[in-house]
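> Everything below, folded, please.
(chains A and B)
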Amino acid sequence: MNIFGLFERRVGEAVARLAADGRIPDGIDTGRVLVEPPRDPSHGDLATNAAMAIAKGARTNPRALAEWLAADLRTDPRITDAAVAGPGFINLRIAPHVLHDVIRAALLDPAGYGRSGQGGGASVNVEYVSANPTGPMHVGHGRGAVFGDALANLLAFSGFSVTREYYVNDAGAQVDVLARSAFLRYREALGEEIGAIPDGLYPGDYLVPVGRGLADQYGAALRDRPETEWLPLVRAAAITEMMALIRDDLSSLDIRHEVFFSERSLKDGPVDEIGRTIDAMRDRGLVYEGRLPPPKGQLPEDWEDREQTLFRATEFGDDVDRPLLKSDGSYTYFAADIAYHRSKIERGFATLIDVWGADHGGYVKRMGAAVSAVSGGAATLDVKLCQLVRLLRGGEPVKMSKRSGSFVTLREVVDEVGPDPVRFMMLFRKYDAPLDFDLAKVREQSKDNPVFYVQYAHARVASVFRQAAETAPGRALDRPSLAAADLSALVDPSEIELALRIAQFPRLVEAAAAAHEPHRLAFYLYDLSSLFHALWNKGKDLPQLRFVKQDDESSTRARLALLGALRGVLASGLAILGVSAPEEMR
RNA sequence: GACUGCGUAGCUCAACCGGAUAGAGCGUUGCGCUUCGAACGCAAAGGUUGGGGGUUCGAGUCCCUCCGCGGUCGCCA
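A predicted model of the protein is given here:
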């Protein structure tokens, strides 16, 4: 249950009654009416901007409107007070039983609390990672991987039908370079001395096993054949191995895609999907032969002014029209990418989310233009650009990696600190802000480490339940029993504040899902944990606030009910982020 | 030069389709804590939200402009 939505509807009814009474005009737009937590808890439990939001349409001053609405709201048994404040806010105090209902709902259905029908089952495609299959994943890939995965979880939790997809760039020049690099390792495996890896080839030793595999499979048969003959074979083998490597890296973070979509299949499949896409666009007048103005700033050395096949991207908000064919007549990467996104649309997705690295920023407009063009405006594309990750150890930048040849691999980091800190810290920052990831800090078991702080809150709740069971062996601690407790024993402001924060969970999930911003959930869990730890600490000085009290079974049960609700929200939130919720931490 | 993201406390960052007195953590300062639930607690100081202008009842948030930092800049992927 979402009390914010509940009271938003209630406020809407109050507005409708004002209209029915003739005090304001009919049909006023209430789309901007919000019920939200007040900035200052002393103002009330909930606040609404309704009077200010409709004042213009009602042609009445906000204060007067607020008084009318407040009078109506005061008649509701769920509302104990409605006060007008400031420019026209209405601050609401809700009856204790409303909050008790929230606690019971969260307690009785921990996995369902916060879920919503927001998505209405709509199909959403989240494309993330899509790292080139030329080597192991590095830390930068890891951020997009975790972000995309948490976002997919969040959307699924919010009632969307989500497909997690990986676009395998198995068609460009890079995979040919991969093939040549693997071929070198193949010759090495046959006993040849290859010396230093030449510039332009991938030096990483992760290709050594690929070379060995080729030697096992083909013996010396490929060695003296021309490149045109061995390259497709070696390339296919190497890509298969690299994708296995990447899937393994991803599984170390518990990330699994449902669809791996091959770029090569667009061109080499039964039909040339890229050609088909271009033809379809041409039929609609979106493709023409023309010249492009030279790029501003430094001119590329090999710039030649020539006529080429262009997509009218400018008609869809891009800065210039974009080429679909290279000078040798082959398709550009962009042309393939249009065909790929068109395939997503043809597969029934109206909402496309792409998670890219910051270096692809210049690509966003043209892809958005392409999606508008090929879908006729029916599909939307939201591109999330994840900023760079700076890897630190004790404040000092970490560089290089022997294994990969040039970068720190994701796997090295996961192996060192574990998947939970990697996932949580990658999400404990807005995606469009650069991220510092400190290998030393994320392993600290102290309140300064957010991962530990949140997980420890969950473990601490579990510990209270263990203690509750030990101190009174006959005590019924199952959820239905606790839900039957008299919750009116919860009176301390700290307890109420915690309950109110739990009540915000559904609203927060909804907003985070709508904005495609899973980091909000990470911050919420941190705040929630902070309230709980504070309450715990208060019990140290004030024994009457302890959760388990030998001499007061009824307040013990009420508090355990609250903690049971808290435990569910923590577990549920952490599950969306893909972080474990430990029962104990040792 | 163009496009794009960012600019919030000394530092690292939040701020929910524009809402009230811009919030946390670290650091600083002060007080507390004889393992009872301290893998610490409480409190304080700290801000012209990069500068300027505009829209609005109301702007960190939207628009314009300038400054600074990063990214990208026909056919690479």
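> Report the contact partners of the closest residue to A:Phe160 other than its chain neighbours.
By the measure of Cβ to Cβ, 6 or more residues apart in numbering, the closest residue to A:Phe160 outside its immediate chain neighbours is A:Gly119, 3.2 Å from it. For glycine as for every other residue, the C-beta is placed from the backbone atoms N, C-alpha and C. Contacts for A:Gly119 were tallied using Cβ atoms under 8 Å, 6 or more residues apart in numbering; they are A:Leu155, A:Ser158, A:Gly159, A:Phe160, A:Ser161, A:Ala513.
> Are we agreed that the last one is in a helix?
Yes: with DSSP: H, G, I helix; E, B strand; the rest coil as the criterion, A:Ala513 is located in a helix.
> So it sits against A:Ser158, correct?
Yes: taking Cβ atoms under 8 Å as the contact criterion, A:Ala513 and A:Ser158 are neighbours in contact, 3.9 Å apart.
> Residues that sit against both of those two, list them.
The overlap between the contact sets of A:Ala513 and A:Ser158 (Cβ under 8 Å, 6+ apart) consists of A:Gln118, A:Gly119.
> If we only consider the contacts of A:Gly119, which is nearest to RNA strand B?
Proximity of these to RNA strand B was ranked by Cβ to the nearest atom of the strand; the top entry is A:Ala513 with 10.2 Å.
> I'd like the distance between that closest one and A:Leu325.
When Cβ to Cβ, to the nearest Å is applied, the distance between A:Ala513 and A:Leu325 equals 40 Å.
> Who has more neighbours out of the two?
When A:Ala513 and A:Leu325 are compared on other Cβ atoms under 10 Å, the one with more neighbours turns out to be A:Ala513, at 25 against 16.
> Got phi/psi on A:Asp552?
Phi and psi for A:Asp552, reported as degrees, to the nearest 10, are phi -150, psi 80.
> Can you tell me the element the residue of chain A most remote from its centre falls in?
Farthest-out residue of chain A from its mean C-alpha position, per Cα atoms, centre = their mean: A:Asp224, at 49.3 Å. Counting by DSSP states H and E, no helix or strand carries A:Asp224.
> Excluding sequence neighbours, find me the nearest residue to the residue of the stretch 101-250 of chain A found nearest RNA strand B.
With Cβ to the nearest atom of the strand, the shortest gap between the stretch 101-250 of chain A and RNA strand B falls at A:Gly172, namely 2.0 Å. Of all residues not flanking A:Gly172 in the chain, A:Tyr333 sits nearest, at 6.5 Å (Cβ to Cβ, 6+ apart).
> now A:Lys447
Skipping the residues right next to it in sequence, A:Lys447 comes nearest to A:Tyr453 by Cβ to Cβ, 6+ apart, at 5.5 Å.
> ok, now A:Val84?
The shortest distance from A:Val84 to any residue other than its chain neighbours is 4.3 Å, reached at A:Ala66 (Cβ to Cβ, 6+ apart).
> show me what contacts the one you found?
Taking Cβ under 8 Å, 6+ apart, we find A:Ala66 in contact with A:Ala50, A:Ala51, A:Met52, A:Val84, A:Gly88, A:Phe89, A:Ile90.
> residues from the stretch 351-500 of chain A in reach of RNA strand B?
Residues of the stretch 351-500 of chain A found near RNA strand B (Cβ under 7 Å from any atom of the strand) are A:358-365, A:385, A:387-388, A:429-430, A:432-436, A:445-448, A:456, A:459, A:464, A:467.
> ok, now with 6 Å
A:358-363, A:365, A:429-430, A:432-434, A:436, A:445-448, A:464, A:467 (Cβ under 6 Å from any atom of the strand).
> Confirm the residue nearest to A:Phe160 sits in a strand?
No: counting by three-state DSSP, A:Gly119 is not part of a strand but coil.
> For it, give its distance to A:Glu36.
Between A:Gly119 and A:Glu36 the distance, using Cβ to Cβ, works out to 22 Å.
> and if you look at A:Ala55?
From A:Ala55 across to A:Glu36, the span is 18 Å (Cβ to Cβ).
> ok, those two, which is more surrounded?
Taking A:Ala55 and A:Glu36 together and counting by other Cβ under 10 Å, A:Ala55 has the greater number of neighbours (21 against 15).
> residues in contact with the more buried one?
Contacts of A:Ala55 were listed using Cβ under 8 Å, 6+ apart, and they are A:Asn61, A:Pro62, A:Leu65, A:Gly88.
> Show the residue spans covered by the helices in the stretch 151-300 of chain A.
Secondary structure of the stretch 151-300 of chain A, counting by DSSP state H, counting those that start in this stretch: helices at A:173-189, A:208-218, A:227-251, A:263-268, A:273-283.
> possible to save these as JSON lines with mean neighbour count?
Converted to JSON lines, these look like this (neighbours: other Cβ atoms under 10 Å):
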{"stretch": "helix A:173-189", "mean neighbour count": "21"}
{"stretch": "helix A:208-218", "mean neighbour count": "17"}
{"stretch": "helix A:227-251", "mean neighbour count": "18"}
{"stretch": "helix A:263-268", "mean neighbour count": "18"}
{"stretch": "helix A:273-283", "mean neighbour count": "17"}
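> Quick check: can you list the domain ranges of chain A?
Following automatic domain parsing, chain A resolves into domains at A:3-94, A:173-251, A:450-577.
> what about these, which gets the closest to A:Asp305?
A:Asp305 lies closest to domain A:173-251 among these, at 24.2 Å (Cβ to Cβ).
> Now do that closest one, average pLDDT.
Averaged across domain A:173-251, pLDDT comes to 95.
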